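Colleague: Structure for this input, please:
(chains A and B)
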Amino acid sequence: MSAPQEQGQAHGIEIRNLYKIFGPDAARHLPAVKAGLGKEELHDRHDHVLGLCDISLSVPPGRITVVMGLSGSGKSTLIRHVNGLIAPTAGQVICGGQDVAAMSDVRLRAFRREKTAMVFQKFALLPHRTVLENARYGLDIRGLPAAEADGRARRWIERVGLKGYEGYYPRQLSGGMQQRVGLARALTNDAEILLMDEAFSALDPLIRVDMQSILLELQKELRKTIVFITHDLDEALRLGDKIAILRDGAMEQVGTGQEIVLRPANAYVADFVREVNRGRIIEAQTIATPAAPGAALPGFTVKARSKLDRVAQRMVEAGAGAAQVRDPQGQLLGVIDLPAILNAMVNSADAESEE
Amino acid sequence: MDLIRFPEMSRGELRALRQTVDGAFREFTRIWGDPLENLFAPLARLLTFLENLLIDSPWILVLAVLAAGIWLASRSWKIALGSVLALLVVGYLGMWEDTMRTIAMVAVCTLVAVVLGIPVGILMAQSNRMNAVVTPVLDMMQTMPSFVYLIPVVMIFGLGKVPGVIAVVIYAIPPVIRLTNLGIRHVAPDVLEAAEAFGSSKWQKLRDVQLPLALPTIMAGVNQTIMMSLAMVVVASMIGVRGLGQPVLQAINNQYFTMGVMNGLAIVAIAIIMDRTTQAYGRRLQKHAEAGK
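Modeller: I've put the predicted structure just below:
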């Protein structure tokens, strides 16, 4: 509408050298932290808490970026910098050419209303509003006419599978259904950036997987810039196009799920990914070896981006010992065989410890 | 050194202190008495109008309107019917007019207390400094014997309705202020954060989140305020407020046992009617809190 940016072009987010120190005199301790003062020392000697330390992260537009870490790692602090709920001690959060940290109150409110929407761990629905009224909440704040807000809210309520529940109050719904309302509320806002703070962590495992599927399904067509916070590696690997691992306020590793599982940057990350089902993460193209020139190609074909567990299952069912890997354009990328697949699926670290 | 006698001011100094303060206040009354009385004149007119309306209208119409109001607020036939019965008995025992005066008085006092108290409570919830300043004032309003602040009020306004309303409001306003403050401060922080994240302004946060979620608590404060205004009608009758308090005062002075009990019970009847009605109304506001459908 009045926004100067190109229509329909989703924006990424650039987080640059972000520092957050909690305490009454944060700015004074910044130089010491930049010079290498540790989290524990800062706390013991100066009674300030180091929330984030020199975080730089590029969030690509239209993809899901997962920030993963255990509690206290600073992941919730980080996501709150994106919509200015927390102001950084130093650093920038650039979105659509503007630094969120430097916005005035009025600009920040407009930014939150039009560019972002957020889903919360504890749902944070308004208990005195019905499902429909909750879903249209963001539009109400923006002052949209009631009829239009209702129409848009109803559409999204239907999309998250809550048709027929429009008149219910949140307390009458289960946790999973409440979070669907939370998702509908965020989507109704029709913002390009979707912030999800441990959105599915409070749900039962089965419902959590359900909600992940709904999100992936919607994302296929919506192509929003999503920042997703979680402490669950399986969730991170399933959802994340890009994964950032935080620990004690510092960035440990950034990469795709495969990169993190196959090449953990340090012992901490390696520990994290030890128990992961690698067959579900690694793609066929990753372990494909170039076909020997002139040799006969195997008769069976698998897709380049298929995960190894699916590939193995199909090859065993078909009785094929080897297969050619082709990308969506039909281009031959290489060949794989069952022993190589098995080898990649077995965690090398585990294998060593067994001996 | 004498440690038995407390080292107090001399009598002469004490008298001079009292005379100075009294003199200054008398001067203040002389200058500001009339302007202040004019300022509160609309309040007196409102109270007189309401009183006359209740007394001069046909009693059956008044009863019907009261019953309808009670039913609309409580949506309970039991409360409405019980109220009508109680009012009929009170009227039959010769206390209809005084009861109407007292209802008018309590209504106006509650209105003033709510109109002043809710904004003050909101300000207290928004600012810790405001909270620190107002809380001791409220403590003082609630514990200071009401006779003490009747003195300056009567000096300024004389006897009558307005000083009565002021005395009652001073005594009855603290609960609505305190509970508005408490209700807003207890709104869940995650819901507030959500409001913030969707770009609410301060006013939108107050209107859409804080006030609606605090409403049941605020209603409990309004209920308390009504009860306390009723408790003050006897004291207020000492400075010329007419109503059920006056016969009670008369009964105390002359040892009329039955008259005292009857008027006292009439006050109790009004109190129960108002309490049940406002509580039922408060519960209706929380319908969304009930689980299941």
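
Colleague: neighbours around B:Leu111, how many?
Modeller: B:Leu111 has 15 neighbours, counted by other C-beta atoms under 10 Å in any protein chain shown. All C-beta spots, glycine's among them, are computed from the backbone N, C-alpha and C.

Colleague: ok, it to A:Ala202 distance?
Modeller: From B:Leu111 across to A:Ala202, the span is 44 Å (C-beta to C-beta, to the nearest Å).

Colleague: Return the set of buried residues in stretch B:194-207.
Modeller: Neighbour-count burial for stretch B:194-207, with 16 or more other C-beta atoms under 10 Å in any protein chain shown as criterion, is recorded at B:Ala194, B:Ala195, B:Glu196, B:Ala197, B:Phe198, B:Gly199, B:Ser200, B:Gln204, B:Lys205, B:Leu206.

Colleague: The third one and B:Val21: what is the separation?
Modeller: Translated: B:Glu196. Taking C-beta to C-beta, one finds B:Glu196 at 50 Å from B:Val21.

Colleague: contacting residues around stretch A:15-27?
Modeller: Here stretch A:15-27 makes contact (C-beta atoms under 8 Å, 6 or more residues apart in numbering or on different chains) with A:29-30, A:33-34, A:42, A:46-59, A:74, A:77-78, A:81-82, A:86, A:88-94, A:249.

Colleague: err, stretch B:23-43, not the other one
Modeller: The contact list for stretch B:23-43, computed with C-beta under 8 Å, 6+ apart, reads B:Val108, B:Val112, B:Pro152, B:Met155, B:Ile156, B:Phe157, B:Val162, B:Val165, B:Ile166.

Colleague: Return the distance of the third one relative to chain A.
Modeller: So the one you mean is B:Pro152. As judged by C-beta to the nearest C-beta, to the nearest Å, B:Pro152 and chain A stand 43 Å apart.

Colleague: Just the local confidence number for that residue, please.
Modeller: Per-residue pLDDT puts B:Pro152 at 84.

Colleague: Apart from its chain neighbours, what residue comes closest to it?
Modeller: Leaving aside its chain neighbours, B:Pro152 sits nearest to B:Phe25 (6.7 Å; criterion: C-beta to C-beta, 6 or more residues apart in numbering or on different chains).

Colleague: List the buried residues in the helix or strand hosting that neighbour.
Modeller: Using DSSP states H and E, B:Phe25 sits in helix B:11-39. Buried residues in helix B:11-39, counted by 16+ other C-beta under 10 Å: B:Glu37.

Colleague: Report how many residues lie close to B:Leu138.
Modeller: 18.

Colleague: Can you say which helix or strand has it in it?
Modeller: Element membership of B:Leu138, judged by DSSP H and E, is helix B:128-143.

Colleague: for that helix, which positions count as buried?
Modeller: B:Val134, B:Leu138, B:Met141.

Colleague: Just the closest of the residues you listed to B:Arg284, please.
Modeller: Each of those was scored against B:Arg284 by C-beta to C-beta, and B:Leu138 proved nearest at 28.6 Å.

Colleague: List the contacts of that closest one.
Modeller: Listed by C-beta under 8 Å, 6+ apart, the contact partners of B:Leu138 are B:Pro174, B:Ile177, B:Arg178.

Colleague: so how far is B:Ile218 from it?
Modeller: 16 Å.

Colleague: so what pLDDT did the residue positioned nearest the centre of chain B get?
Modeller: In chain B, the centroid-proximal residue (C-alpha atoms, centre = their mean) is B:Ala172; its distance is 3.7 Å. pLDDT for B:Ala172: 92.

Colleague: so it touches B:Val233, yeah?
Modeller: No. Assessed by C-beta atoms under 8 Å, B:Ala172 is found out of contact with B:Val233, at 10.7 Å.

Colleague: burial of A:Ser174, as a residue count?
Modeller: 11.

Colleague: ok, now A:Phe300?
Modeller: 17.

Colleague: again, but for A:Tyr268
Modeller: Neighbours of A:Tyr268 (other C-beta under 10 Å): 13.

Colleague: Of the contacts of stretch B:23-43, keep whichever come out buried.
Modeller: B:Val108, B:Val112, B:Ile156, B:Phe157, B:Val162, B:Val165, B:Ile166.

Colleague: now, which of the buried residues of helix B:128-143 sits nearest chain A?
Modeller: For these, the residue nearest chain A by C-beta to the nearest C-beta is B:Val134; the value is 25.6 Å.

Colleague: what's the nearest residue to that closest one if we skip its chain neighbours?
Modeller: Using C-beta to C-beta, 6+ apart and skipping the chain neighbours, the partner closest in space to B:Val134 is B:Met124 (5.4 Å).

Colleague: One more: B:Phe257?
Modeller: B:Ala251 (7.4 Å).

Colleague: And for B:Val153?
Modeller: B:Pro163 (4.5 Å).

Colleague: That neighbour contacts B:Ile151, doesn't it?
Modeller: No. Taking C-beta under 8 Å as the contact criterion, B:Pro163 and B:Ile151 are not neighbours in contact, 10.3 Å apart.

Colleague: For those two, indicate the residue with more neighbours.
Modeller: B:Pro163 (24 against 11).

Colleague: Just the buried residues of the contacts of B:Leu138.
Modeller: Judged by 16+ other C-beta under 10 Å, buried ones among the contacts of B:Leu138: B:Pro174, B:Ile177, B:Arg178.

Colleague: you'd agree B:Gly164 is up against B:Arg242?
Modeller: No. With contact defined as C-beta under 8 Å, B:Gly164 does not reach B:Arg242; the gap is 9.0 Å.

Colleague: higher neighbour count, those two?
Modeller: B:Gly164 (31 against 19).

Colleague: Could you check how far that one is from B:Leu43?
Modeller: In terms of C-beta to C-beta, B:Gly164 sits 10 Å off from B:Leu43.

Colleague: just A:Asp44 next, same as before
Modeller: 61 Å.

Colleague: which one of these two has more residues nearby?
Modeller: The neighbour comparison of A:Asp44 against B:Leu43 (other C-beta under 10 Å) goes to B:Leu43, with 18 against 9.

Colleague: and that one, what pLDDT?
Modeller: B:Leu43 is given a pLDDT of 90.

Colleague: What of A:Thr89?
Modeller: Reported pLDDT for A:Thr89: 93.

Colleague: Phi and psi next, for it.
Modeller: Main-chain torsions, A:Thr89, degrees, to the nearest 10: phi -80, psi -40.
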